[in-house]
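1. Build me a model:
(one chain, ligands or ions: 1)
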Amino acid sequence: MKAGLYQFNPAFGEKEKNLGKVASAAKDADIELLVLPELFATGYQFTSKDEVAELSESIPNGRTTEFLCGMSKEKGIYIAAGLAERGRDEFYNSAVVTGPEGFIGAYRKTHVYSEENLYFSPGDSGFRVWDTKIGRIGVMICFDWFFPESLRSLALSGADVVAHPSNLVLPYCPAAMPTRALENGVFTITANRTGIEERKQGASLKFIGSSLIVSPRGKVLAKASADGEELITADIDISAARDKSLNIYNDILGDRRPDRYGAIFGKE
Ligand code: ACM
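-> Purely as a prediction, here's the structure:
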């Protein structure tokens, strides 16, 4: 199947403009899976909880999720995209997965980064994988990559492809993703954004672009520029993610020895 991501520079607070931009970018794209950045409909740098309250949405009954469901149905594609979620009592930095069949599920970012902590609660959904017609899709959001347990959890839950909506500001992720993909034997699709937000004086954020699609053997299949708005694609053969063997003796997931990893589980 063909997968793609759209890297762009969302305008803060201009939801309809951002949705429109995504619709035109995807219009003629020949893909079955599209990954969009973290918080793609609202922009990233919130400055108050009131602002989050105003721009966040219920899932699945909110403008952005409904827009994505519509686009999925119309184009017959799967989409994974990040958005600000208004929960019952709290806000979450979330992502939804939609498909031709409609809303599929949501994930709430587990590892909340920097000042996001002022506005969003740590996610409580756990890492989730959805079995779809094009393969098993798992989701993590931006800073989650820093914790190898995130992608490992998704791989152990059967993910073939990990959609990774992002708003990266630190430089490390693009170089790290080939290792994350390799050590878990999965495809990764990191959809980052571009541009600069300075909604707080002296707290300018420059997003690093450089979105990328990586194979289960750690090969970079497609990479975007540092500052361009681009839809990039790659051919993905799901069977490559189902074969975890390196040779007749070694299997990436099967050879793990959790009884030797006590410290990871908080044991002696
Ligand atoms: C990030 O998690 N948006 C850096």
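
2. drop to CA atoms for contacts and neighbour counts, all remaining ones
-> Noted.

3. who's in contact with the residue in the stretch 51-200 of the chain that the ligand sits nearest to?
-> Per C-alpha to the nearest ligand atom, residue 143 is where the stretch 51-200 of the chain lies closest to the ligand, at 3.6 Å. Contacts here follow C-alpha atoms under 8 Å, 6 or more residues apart in numbering; on that basis residue 143 touches 111-113, 166, 168.

4. go with 10 Å
-> By C-alpha atoms under 10 Å, 6 or more residues apart in numbering, the residues touching residue 143 are 109-114, 150, 164-170, 173.

5. How about residue 217?
-> Residue 217 neighbours (C-alpha under 10 Å, 6+ apart): 178-187, 240-241, 244, 246.

6. So it belongs to a strand, correct?
-> No. If the criterion is DSSP: H, G, I helix; E, B strand; the rest coil, then residue 217 is coil and not within a strand.

7. tell me the phi and psi of it?
-> phi -100, psi 10 (degrees, to the nearest 10).

8. What separation do you get for it and residue 177?
-> 11 Å (C-alpha to C-alpha, to the nearest Å).

9. any residues in contact with both of the two?
-> In contact with both residue 217 and residue 177: 183, 187, using C-alpha under 10 Å, 6+ apart.

10. hang on, the earlier thing: now, the contacts of residue 143 that are in strands?
-> 164-165 (DSSP state E).

11. buried subset of the contacts of residue 143?
-> For those, a burial check counting by 16 or more other C-alpha atoms under 10 Å picks out 109-112, 150, 164-169, 173.

12. ok, and which of the residues you listed reach the ligand?
-> Residues of the buried ones among the contacts of residue 143 in contact with the ligand (C-alpha under 6 Å from any ligand atom): 166-169.

13. could you dump those residues to CSV with pLDDT?
-> Output for those, formatted as CSV (pLDDT from 0 to 100):
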residue, pLDDT
166, 98
167, 98
168, 98
169, 98
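
14. How far off centre is stretch 50-60?
-> Distance, stretch centre to chain centre, for stretch 50-60: 19 Å (C-alpha atoms, centre = their mean, to the nearest Å).

15. Just the buried positions in that stretch, please.
-> Those would be 52-53, 55-60, for stretch 50-60 by 16+ other C-alpha under 10 Å.

16. hang on, the earlier thing: mind picking the two most distant members of the contacts of residue 143?
-> Greatest spatial distance in the contacts of residue 143: 150 and 169, 19.1 Å, computed using C-alpha to C-alpha.

17. and the ligand, which of the buried residues of stretch 50-60 contact it?
-> Answer for these near the ligand: none qualify (C-alpha under 6 Å from any ligand atom).

18. thinking again about what came up before, in three-state terms, label the residue of the stretch 51-200 of the chain closest to the ligand for me.
-> On the basis of three-state DSSP, residue 143 is classed as helix.

19. Please tell me how far it sits from residue 176.
-> 12 Å.

20. Just the buried ones among the contacts of residue 143: which are in helices?
-> 150, 173 (DSSP state H).

21. on that earlier part again, which one of the buried residues of stretch 50-60 is nearest residue 199?
-> residue 52 (13.6 Å).

22. Just confirm the closest one contacts residue 42, I think it does.
-> Yes. Look at residue 52 against residue 42 with C-alpha atoms under 10 Å: they come within range, at 9.3 Å.

23. which residues are common contacts for the two?
-> Going by C-alpha under 10 Å, 6+ apart, residues that sit against residue 52 and also against residue 42 are 13, 84.

24. Spell out which residues of the stretch 51-200 of the chain are next to the ligand.
-> Residues of the stretch 51-200 of the chain lying near the ligand (C-alpha under 6 Å from any ligand atom): 113, 142-143, 166-169.

25. Now compare the residues you listed and name the two farthest from each other.
-> Going by C-alpha to C-alpha, the pair spanning these furthest: 113 and 166, at 11.3 Å.

26. Spit out the residues that contact those two alike.
-> By C-alpha under 10 Å, 6+ apart, the residues touching both residue 113 and residue 166 are 142-144.

27. May I see those residues arranged in CSV, with distance to residue 159 and pLDDT as well?
-> As requested, the shared contacts of residue 113 and residue 166 are exported to CSV (distance: C-alpha to C-alpha, whole Å; pLDDT from 0 to 100):
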residue, distance to residue 159, pLDDT
142, 17, 98
143, 19, 98
144, 16, 98
